[in-house]
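S.K.: When you get a sec, could you give me coordinates for this:
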Amino acid sequence: MSACEKLPSMYGISGWTLEYGVRDLLGDYLSPFGDLSFSRFADVEANTIAQLAALLPPANLEDRQNCAPTMSELIGAALRRPQQVTLSGYLVGPPRHDERVSVDGLTVMGTPICAAGGWGVEPHAEDRLRVWLALGDYLGCEASEANCPDEIIPIADRDTEESDRVQTMQGWWVWWD
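M.R.: Residues are numbered from 1 along each chain as shown. Coordinates of the predicted model:
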């Protein structure tokens, strides 16, 4: 190993995401368009999230994507509602100094929360905070104006998208820039 490979990164010695098995764990969720230094991941489910949480350095768990809740809060939300919540974000690998895992979005299925305009209606700016506060309460994480997502998009619920019955549950895609 060269001296450069042993330099510290944000949360450990350069290469920790490889050494700890983080890249391997997220492998099935990584975009095919990424590379070793940066890859996006999406739709990570609770069982993998729990394994990921056990691998990450404590300081990485307290990191956040800009104004989003901390990674540990978002992981907690996913573990509290394992059948409903998946996480998305990105993996920064070596040789970058900012090597880390970051969560910048989540998908929540089967919520009773709808926008003021009704089911399937994207909330307007004034309604986005109300939806976020309701989602935060539903997920058991701290939601406020300060950590309101940049985008909250309604998505069809898996349980109702093929049904002729009246929709009573709403899915949401939540993202912080």
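S.K.: Now do the strands in the chain.
M.R.: Applying DSSP state E to the chain gives strands spanning 38-44, 85-92, 100-111, 151-155, 170-175.
S.K.: What lies in contact with the worst-scoring helix or strand of the chain on mean pLDDT?
M.R.: Sorting the helices and strands of the chain by mean pLDDT, DSSP states H and E puts strand 151-155 at the bottom, at a mean of 90. Residues from elsewhere that reach strand 151-155 (CB atoms under 8 Å, 6 or more residues apart in numbering): 107, 109, 114-115, 119-123, 128, 131-132, 135, 170-175, 177. Any C-beta I mention is one placed from the backbone N, CA and C, and that applies to glycine too.
S.K.: Mind checking which of those residues are buried?
M.R.: Buried residues within the contacts of strand 151-155, counting neighbours by 16 or more other CB atoms under 10 Å: 107, 109, 114-115, 123, 128, 131-132, 135, 170-175.
S.K.: got the contact list for Leu139?
M.R.: If you count contacts by CB under 8 Å, 6+ apart, then Leu139 has 77, 80-81, 85, 108 around it.
S.K.: 10 Å instead, please
M.R.: 69, 73-74, 76-78, 80-81, 84-85, 106, 108, 111, 174 (CB atoms under 10 Å, 6 or more residues apart in numbering).
S.K.: now it: how far from Asn60?
M.R.: 21 Å (CB to CB, to the nearest Å).
S.K.: Ok, Glu142 next?
M.R.: Distance from Glu142 to Asn60, by CB to CB: 19 Å.
S.K.: same deal with Gly136?
M.R.: Taking CB to CB, one finds Gly136 at 22 Å from Asn60.
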